[in-house]
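**Q** Sequence first, then the predicted structure:
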Amino acid sequence: MKKRTRVTHLPDVKLPPDNRPLVAPIYQSVKFTFDDVAETQKYFARKREGFYYSRVSNPTLQQLEQALAGLQDRDACLLTASGMAAISNTLLALLKAGDHVVQFAESYPPTRSFIRKTLGRFNVTASMLSITDHAALEQALAGTPTRLVVFECPTNPVLKVADLERITAIARRHGALTLLDNTLAGPHNHGQYDVDLYAHSLTKLVSGHGDAMGGAVIGRSELIDSMREDFTLLGPTLDPHAAYLLLRGLKTYFVRWDAQCANAQRVAEFLATRPEVSRVRYPGLRRDPGHALASLQMDGFGTLVTFDLAAGLEAGTRFAESLALFSITASLGSTESLVVAPAMQQPRGLTTEQAIWTDIGHGTVRLSIGIEDPEDLVADLRQALDRLAA
Ligand SMILES: Cc1ncc(COP(=O)(O)O)c(C=O)c1O
């Protein structure tokens, strides 16, 4: 072989069967070959295992799919390049023109927009309810045949705790599927409930380091398999290198979760002592409206703490800007603590009544708690609140 050929056909390095890498390699390959056409055709006819094209399947992705499905107590998973891709592709795979969806004011705004605006263009109709209004859910499902109930638990940003047993039972009774965006609870939570599909932004708790984006939808294999072809055609594929970073994040998932939940509890308890704070929402606080349900449903109360500054929106901006350890930015689940000021999260695209259901006030601040020393976080919050008072 000439040198020009040699550099495009690199040497094959084979490991002895008893000599394995401790960390699985990244299969950063779009294509996989078979030795002949007959074997390739057997693969297409599903008469043999293997890989062919990474938009369809890839060993690095398969490792992450299996790990996440197991964590969520289900047997199948599809991965996507972002959390929104998991949600939007799932909705596209499950819905057709004329279908009806129930969604909730207390949910991630882009999910609401996708259902209302994008799916609206394809003649999918939607009802907007409040996550705590079970009578309205019962009534909506009794009144209109509904394909899907899309909800979150805990909700973003006010951390209301949805009653999973009740909501899934109502949906099941009326023949609607449930899609739970489980991003804030994490994939180790809520598997014991009769939820059909769990969506995750892996960008958050699974990555944990703010350096990789990804999404997953997890469920029973029959349901996931029914969506597989649409996912292949829509092409929201996760890149193997991002999958590798997410697998690496997964190894420290519980260590980070435990540390972040403990820090969040400490921060919530501190904020509850401060006169500038009119309300703290953290399911780990005994007097939080979601405490009893979260104690029953969740392992750990989560890594976000949301609270209201009595002085309102402008004070919220000054408060966020006074913090030294909390960065002003979107997203959550990083090792670093983050803050979302009230001005960044006022309800949009909702009626006045629906905006009231969200419980987002003029002074609502959302904190994403990292793994720093909790006393440093408390000291930083204390100095920012003291400055407000001054
Ligand atoms: C609850 C929830 N769902 C979905 C998403 C979307 O995830 P991604 O940014 O990975 O698309 C987010 C992002 O903030 C979120 O908070």
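**A** Yes, it's here.

**Q** in the stretch 151-300 of the chain, which spans are helices?
**A** Assigned by DSSP state H, counting those that start in this stretch, the stretch 151-300 of the chain shows helices spanning 164-173, 221-234, 240-251, 253-271, 291-297.

**Q** check contacts around residue 300.
**A** Residue 300 makes contacts with 186, 189, 257-258, 261, as judged by Cβ atoms under 8 Å, 6 or more residues apart in numbering. Where C-beta positions appear, they are placed from N, C-alpha and C, glycine not excepted.

**Q** Can I get the buried ones among the residues you listed as something I can paste into ChimeraX?
**A** With 16 or more other Cβ atoms under 10 Å as the criterion, this ChimeraX line picks the buried residues out of the contacts of residue 300:
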select :186,189,257,261
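
**Q** Pull the most distant pair out of the contacts of residue 300.
**A** For those, the maximum inter-member distance is 13.1 Å, found between 189 and 258 (Cβ to Cβ).

**Q** of all of the stretch 1-150 of the chain, which residue lies closest to the ligand?
**A** Nearest residue of the stretch 1-150 of the chain to the ligand: residue 83, at 2.5 Å (Cβ to the nearest ligand atom).

**Q** For that residue, give its distance to residue 114.
**A** Distance from residue 83 to residue 114, counting by Cβ to Cβ, to the nearest Å: 12 Å.

**Q** Looking only at neighbour counts, state which of those two leads.
**A** Set side by side, residue 83 and residue 114 show more neighbours around residue 83, with 25 against 19, by other Cβ atoms under 10 Å.

**Q** Let me know the pLDDT of the more buried one.
**A** What the model reports for residue 83 is a pLDDT of 98.

**Q** Just the terminal-to-terminal distance for stretch 83-103.
**A** Separation of the first and last residues of stretch 83-103 by Cα to Cα, to the nearest Å is 17 Å.

**Q** How far off centre is it?
**A** 16 Å (Cα atoms, centre = their mean, to the nearest Å).

**Q** who in the stretch 151-300 of the chain is up against the ligand?
**A** 152, 156, 181, 183-184, 201, 203, 213, 215 (Cβ under 6 Å from any ligand atom).

**Q** Tell me, how many residues neighbour the closest residue to the ligand within the stretch 201-350 of the chain?
**A** For the stretch 201-350 of the chain, the residue closest to the ligand is residue 201, as judged by Cβ to the nearest ligand atom, at 3.1 Å. As a burial measure, residue 201 scores 27 neighbours (other Cβ under 10 Å).

**Q** Distance check, it against residue 253.
**A** 14 Å.

**Q** Then residue 19?
**A** Distance check for residue 19 against residue 253: by Cβ to Cβ, it reads 29 Å.

**Q** cool, residue 228 as well?
**A** Where residue 253 is concerned, residue 228 sits at a distance of 26 Å (Cβ to Cβ).

**Q** More neighbours: those two, which one.
**A** residue 253 (20 against 15).

**Q** Does the more buried one touch residue 207 like I think?
**A** No. With contact defined as Cβ atoms under 8 Å, residue 253 does not reach residue 207; the gap is 9.7 Å.

**Q** can you count the residues close to residue 324?
**A** 10.

**Q** my bad, residue 331
**A** 15.

**Q** Surely it touches residue 202?
**A** No. Under the criterion of Cβ under 8 Å, residue 331 makes no contact with residue 202, lying 11.7 Å away.

**Q** What residues does residue 152 make contact with?
**A** The neighbours of residue 152, taking Cβ under 8 Å, 6+ apart as the test, are 104, 106-108, 131, 162, 180-184.
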